[in-house]
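1. Here is a sequence with its predicted model. Questions after.
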Amino acid sequence: MSQGLLLGIDIGTASSKGVLVTGRGKVVVRASRDHATATPHPGWFEHDAEGVWWADFLALARELAGAAGDRAIEGLAVSGIGPVLLPADGAGRPLRPAILYGVDTRAGVEIADLARELGADAILRRGGTPLSSQAVGPKLRWLARHEPAVYERTAMLLMASSYLVHRLTGRYVLDHHSASQCDPMYDQEKFDWAHDWASVVAPGLTLPELAWPTEVVGTVTAAAARETGLPSGLPVTAGTVDAWAEATSVGVREPGDVMVMYGTTMFLVQVISAPRPHPALWTTSGVYPGTWSLAAGMATSGAITDWLRRLVGADFATLVAEAAEVPAGSRGLLLLPYFAGERTPIFDPSARGVIAGLTLGHGRAELYRAALEGIAYGVRHNLETMRESGGPAKRLVAVGGGTQGGLWTRIVSDVTGAEQVVPTETVGACFGDALLAATAIGLDVDQEAWNPPDHVVRPTEGARYDDFYRRYRELYPATADVAHFLAEEQHAADRGSGVEGS
């Protein structure tokens, strides 16, 4: 086994993280940087690629490279939020802030237009996924319609990981998994761009070369080495989307394995043996060559608990302790966690958050627990939908910052009736990046030893959530018309203030 180190860096929604790892999976050094997400209009979520992605990468790379000492860094992999749309010119310079993944709902009209032009059923069969706010294709068309001057100058379609790869190596390349979320421009059975549809969605745009996240696509250039402090010639992999890198970090790679990622948003990834498109889920290419996965995502999870924390002026530790004393069912509260619309399985960008059952007797403890329970009901809804398409989950692995403290994971296990393995390392996608880098440079990695289990969260005997879950499932259709009316009022108010295109 090599004595060198692997470097993994991930660009997240609210922070970026990096690690130096040995070839046996031991974390030597870790580092992080917080950053902000811009929301210039309702339904818009953006990042400044230069000021957030590259600035964070530079800070992390310099810190970690400096901490390596005499030990050589032998491989680098990056990951990031995705799918996102960063239009760039021929030199890779960003032309506007990056439009983020499914939480950005600006392209609703374009989703409907493309589904009508290409056929919703045909899109599902070929790409594995119905068009939704997660898809990159409609956002490209939105860009052409609303910012034509930017679109005319666009020569590159970049994402967080591929932008970093380009800055480091000069290569214009995108990994297969990220490309498979550029619906409707990717053919999942052929593992290739759907060039005919791409010419309809984004005429004149040269699409990036495709590679797998386990492939080395270039090396750090001399110029990038001077800027970052990394060694010139360091092998760089194709990169990928953060959730899939995180799934890799915890050994989710066999059919039936499911990662449940507790973060600003909730994300689930299930490995499947063959593509089985489902209209309420995403079917994508996997991380390893020739593989597929099912994915589900909730638009808001940790974002809601953070909103509540700020609203009531308390810290997380206090709120968790208080919520732990509240019985299951939050003393008669139900929360729909659709505070930024919802992705799977309802695909409704105009859904809105609902808190039902409020009385003057409820306080912040009940509200906080209701938020955790509402998110858990959403997880159960997604797991049931995934079972319809890809088969039952055989093993759930919990990752992300929300696994700390134990209350949230216990509520999810109680609501779903499923055990969850919590691995030793929950540092995140950057740890999976290091594993991908090790694989790409040919190290013989022991997958099980890389990140062994720390403990298992088991459902509480006699947990009484089935009745609440049934009412949860009834609450959305019962309130959808009101939510849609209010969503339109919100957009109308924004337009009345002089904002265009929201």
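-> In hand now; what should we look at? Numbers count the residues shown, from 1 in each chain.

2. for the protein, which spans come out with low pLDDT?
-> Applying pLDDT under 70 to the chain picks out residues 1-2, 497-502.

3. Kindly recompute the last result at 50.
-> 1, 499-502 (pLDDT under 50).

4. Let me see the contact set for residue 179.
-> 185, 186, 193, 208, 210, 285 (C-beta atoms under 8 Å, 6 or more residues apart in numbering). Where you see a C-beta, it was placed from the backbone N, CA and C, and this is true even at glycine.

5. residues in contact with residue 416?
-> Residue 416 makes contact with 376, 379, 380, 383, 459 under the criterion C-beta under 8 Å, 6+ apart.

6. Drop the exposed ones from the contacts of residue 179 and show what's left.
-> 185, 186, 193, 208, 210, 285 (16 or more other C-beta atoms under 10 Å).

7. Help me confirm that the fifth one is found in a strand?
-> Yes. The assignment for residue 210 (DSSP: H, G, I helix; E, B strand; the rest coil) places it in a strand.

8. Report the beta-bridge partners for it.
-> Residues in a beta bridge with residue 210, per DSSP bridges, are residue 174.

9. So it sits against residue 175, correct?
-> Yes. The pair formed by residue 210 and residue 175 meets the contact definition of C-beta atoms under 8 Å, at 7.4 Å.

10. From the buried ones among the contacts of residue 179, pick the one nearest residue 439.
-> Nearest to residue 439 among the buried ones among the contacts of residue 179, counting by C-beta to C-beta, is residue 285 at 16.4 Å.

11. Do me a favour and get the backbone dihedrals for the closest one.
-> phi -70, psi 150 (degrees, to the nearest 10).

12. how much space between it and residue 16?
-> Distance of residue 285 to residue 16, computed by C-beta to C-beta, to the nearest Å: 25 Å.

13. Mind listing residues that contact stretch 250-258?
-> 247, 259, 268-273, 287-288, 291, 383, 386, 390-397, 399, 421, 423, 425, 432, 447-448, 450-451.

14. buried sites along that stretch?
-> Buried residues in stretch 250-258 (16+ other C-beta under 10 Å): 250, 251, 252, 256, 257, 258.

15. Please apply the same query to stretch 99-118.
-> 99-108, 110-111, 114-115, 118.

16. is it possible to export the contacts of residue 179 to a markdown table including distance to residue 23?
-> Below are the contacts of residue 179 laid out as a markdown table (distance: C-beta to C-beta, whole Å):
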| residue | distance to residue 23 |
| --- | --- |
| 185 | 37 |
| 186 | 33 |
| 193 | 35 |
| 208 | 30 |
| 210 | 28 |
| 285 | 27 |
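
17. Packing partners of the helix or strand residue 478 falls within?
-> Using DSSP states H and E, residue 478 maps to helix 466-496. In terms of contacts (3 or more C-beta pairs under 8 Å, 6 or more residues apart in numbering; DSSP states H and E), helix 466-496 is packed against strand 334-336, strand 354-356, helix 364-390.

18. quick one: the last one to chain centroid distance?
-> Between the mean C-alpha location of helix 364-390 and the chain-wide mean there is a distance of 17 Å, by C-alpha atoms, centre = their mean, to the nearest Å.

19. who touches the residue lying closest to residue 249 once chain neighbours are set aside in this structure?
-> Once flanking residues are discounted, residue 249 sits nearest to residue 432: 3.2 Å by C-beta to C-beta, 6 or more residues apart in numbering. By C-beta under 8 Å, 6+ apart, the contact set of residue 432 is 8, 79, 244, 245, 246, 247, 248, 249, 250.

20. and if you look at residue 171?
-> 165, 209, 217, 218.

21. beta partners for the last one?
-> With DSSP bridges applied, the residues forming beta bridges to residue 218 are residue 236.

22. check contacts around it.
-> Applying C-beta under 8 Å, 6+ apart to residue 218 gives the contacts 165, 168, 169, 170, 171, 173, 235, 236.

23. What is the neighbour count of residue 482?
-> Residues near residue 482, counting by other C-beta atoms under 10 Å, number 11.

24. excluding its backbone neighbours, what's nearest the residue nearest the centre of the chain?
-> Centroid check for the chain by C-alpha atoms, centre = their mean gives residue 243 as the closest residue, at 4.9 Å. Spatial nearest neighbour of residue 243, excluding adjacent residues (C-beta to C-beta, 6+ apart): residue 267 at 4.6 Å.

25. can you pull the contacts of that neighbour?
-> 243, 259, 260, 261, 295, 296, 297, 298.

26. cool, and residue 283?
-> Contacts for residue 283 (C-beta under 8 Å, 6+ apart) come out as 128, 129, 188, 272, 275, 276, 277, 292, 293, 294, 295, 389.

27. sec struct for residue 149, please.
-> Per three-state DSSP, residue 149 ends up helix.

28. That one - how many residues pack around it?
-> For residue 149, using other C-beta under 10 Å, the count is 7.

29. Look up how far residue 495 lies from it.
-> Using C-beta to C-beta, residue 149 is found at 22 Å from residue 495.

30. what does residue 185 give?
-> 30 Å.

31. Residue 161 now?
-> Applying C-beta to C-beta, the value for residue 161 to residue 495 is 35 Å.

32. go on, residue 387?
-> 41 Å.

33. same check, this time on residue 146
-> Residue 146 is 13 Å from residue 495, by C-beta to C-beta.

34. now do residue 226
-> Applying C-beta to C-beta, the value for residue 226 to residue 495 is 47 Å.

35. on that earlier part again, return the two entries of the contacts of residue 179 that lie farthest from one another.
-> Spanning the widest gap among the contacts of residue 179 are 208 and 285, at 14.4 Å by C-beta to C-beta.

36. Just the terminal-to-terminal distance for stretch 307-320.
-> Terminal residues of stretch 307-320 are spaced 14 Å apart (C-alpha to C-alpha, to the nearest Å).

37. Now do the buried residues in it.
-> For stretch 307-320, a neighbour-count test (16+ other C-beta under 10 Å) marks 308, 309, 314, 316, 319, 320 as buried.

38. returning to that earlier point: mark which of the contacts of stretch 250-258 are part of strands, please.
-> Assigned to strands by DSSP state E, the following of the contacts of stretch 250-258 qualify: 259, 268, 269, 270, 271, 272, 395, 396, 397, 399, 421, 423.

39. so, if you compare the residues you listed, which one comes nearest to residue 42?
-> The closest of the ones in strands among the contacts of stretch 250-258 to residue 42 turns out to be residue 268 (C-beta to C-beta; 26.4 Å).

40. what's near enough to touch the nearest residue to residue 194 once chain neighbours are set aside?
-> Nearest residue to residue 194, sequence neighbours excluded (C-beta to C-beta, 6+ apart): residue 187, at 4.5 Å. For residue 187, the contacting residues are 126, 127, 193, 194, by C-beta under 8 Å, 6+ apart.

41. now the first one, nearest residue through space, not along the chain?
-> Distances taken as C-beta to C-beta, 6+ apart place residue 187 nearest to residue 126, at 5.6 Å, with adjacent residues excluded.

42. still on that earlier bit, show me which pair in the buried residues of stretch 250-258 is furthest apart.
-> Among the buried residues of stretch 250-258, 250 and 256 lie farthest apart (C-beta to C-beta), at 14.4 Å.

43. Tell me the gap between stretch 241-253 and the middle of its chain.
-> On C-alpha atoms, centre = their mean, the centre of stretch 241-253 falls 11 Å from that of its chain.

44. Repeat that for stretch 469-481.
-> Centroid separation for stretch 469-481 versus its chain: 26 Å, with C-alpha atoms, centre = their mean.

45. Now do the buried residues in that stretch.
-> 469, 472, 475, 476, 479, 480.
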